[in-house]
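Asker: using only what follows, build the 3D model:
(2 chains)
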Amino acid sequence: MIDGLARAMLEGDRNGDGPAKGGDRRREIRGMESTGGDPTDERAFVAALQAGERVAFERLVREHGARMLAVARRMVRDEATAQDCLQDAFLSVHRAIGRFEPTGSLGGWLHRITVNACLMRLRANKRLAETSIDELLPAFDPDGIRLGEPRTEIRNPEDALEAARIRVYMRQKIDELPDGYRIVLLLRDIEGYSTREAAEMVGVAEGALKVRLHRARAALKTLVEPLWDELGTA
Amino acid sequence: MITRRKLRWRIQHWLEARLPGLLTCAQFEALVDAYIDGELGPVARATVDFHMRTCPVCLRYVAAYRKVRDMAADTLTRPEAEALDAIPEDLVAAILAARDAEAGRKTP
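Answerer: Down below sits the predicted model:
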């Protein structure tokens, strides 16, 4: 995929004065950052969880369950499997809470456990394998010239109704991506994990994850292109 | 029939494929993610910028590529997409029951 010149440029920059790995777009883990509460309270809460207090565990489920369920819904798409994943995740929390370091972010830890529970389900159903999406990827002629007509940038939606309609459309198109690509897109672009973290979670090398991310983004762009014709351009 | 503009464009791309330090569209494609994610250093970034200044197709491609990435993030992370207020009560009960079973206790 990446030819010699492009690879040399990427590696040259890595050895030189390029920005920190992960880029300036690195976000906090989506929606699971600290709630901004009193850290002393959180430490006491974690201590209660580690002591095995049922009341504390129920509070954890009620306070964090909705966000974790939202993550699971994004990852596995159907509601029943998402709820199964959430249950798996809370059982993992119950088993592993003794090893949680109170200095870390509880929300970030819960997020990662939820993602891992979903990945285990997807892996068990063999839904993470890389499949061919070549027909959705950009094409080039033998001289490396991009084939296809140039597109003008899509215009922004005119009102809230149109914006909502676009989001429904986008959601359908994201769901059309094979899971092996959709998950990589979610982990990097939505859930906020770095390339290295996402590669570890999916169980592939960093280079392979970058290739998959690129294919996922490029394929989604192709799938969304009918919007250009429907909405008109900027 | 080929127009003068298209001819100029083809010559330019022919040179890009052969002159060191210039990118073809295919080489540019391999750098798109690092470019829009802000992971390129100054030299690579300048080379990518130069390609976009001379190739309107790639310039539009990268704008659309970035826009679709941002639209996807916006779609999946809006509060109504996340339904944050909803964790079904029967699911809470099931989680607690599973936890109690694992802890070797009876569900109250």
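
Asker: going forward, measure contacts and count neighbours with C-alpha atoms only.
Answerer: Noted.

Asker: give me the neighbour count for residue B:104.
Answerer: Counted by other Cα atoms under 10 Å in any protein chain shown, the residues lying close to residue B:104 total 9.

Asker: could you identify the helix or strand that succeeds the helix or strand bottoming out on mean pLDDT in chain A?
Answerer: Taking mean pLDDT, DSSP states H and E as the measure, helix A:4-15 is the helix or strand of chain A with the lowest mean score, a mean of 57. Stepping forward along the backbone from helix A:4-15, the first helix or strand reached (DSSP states H and E) is helix A:39-50.

Asker: now whatever helix or strand comes next after that next one, how far from the centre of its chain.
Answerer: Tracing the chain past helix A:39-50, the next element assigned as helix or strand by DSSP H and E is helix A:54-76. In this view, helix A:54-76 has its centroid 18 Å away from the chain centroid, taken as Cα atoms, centre = their mean, to the nearest Å.

Asker: buried sites along helix A:54-76?
Answerer: Using 16 or more other Cα atoms under 10 Å in any protein chain shown as the burial criterion, the residues of helix A:54-76 that qualify are A:56-58, A:60-62, A:64-76.

Asker: can you narrow those residues to ones near chain B?
Answerer: Residues of the buried residues of helix A:54-76 in contact with chain B (Cα under 8 Å from any Cα of the partner chain): A:58, A:61-62, A:65-67, A:69-71, A:74.

Asker: let me see the ranges of the helices in chain B.
Answerer: B:4-16, B:25-36, B:42-54, B:56-77, B:79-82, B:89-102 (DSSP state H).

Asker: save those as TSV, and put in mean pLDDT, mean neighbour count and distance to chain A too.
Answerer: Shown next, in TSV, are the helices of chain B (pLDDT from 0 to 100; neighbours: other Cα atoms under 10 Å in any protein chain shown; distance: least, Cα to the nearest Cα, whole Å):
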stretch	mean pLDDT	mean neighbour count	distance to chain A
helix B:4-16	69	14	7
helix B:25-36	93	21	5
helix B:42-54	90	17	6
helix B:56-77	89	19	5
helix B:79-82	62	15	5
helix B:89-102	94	16	5
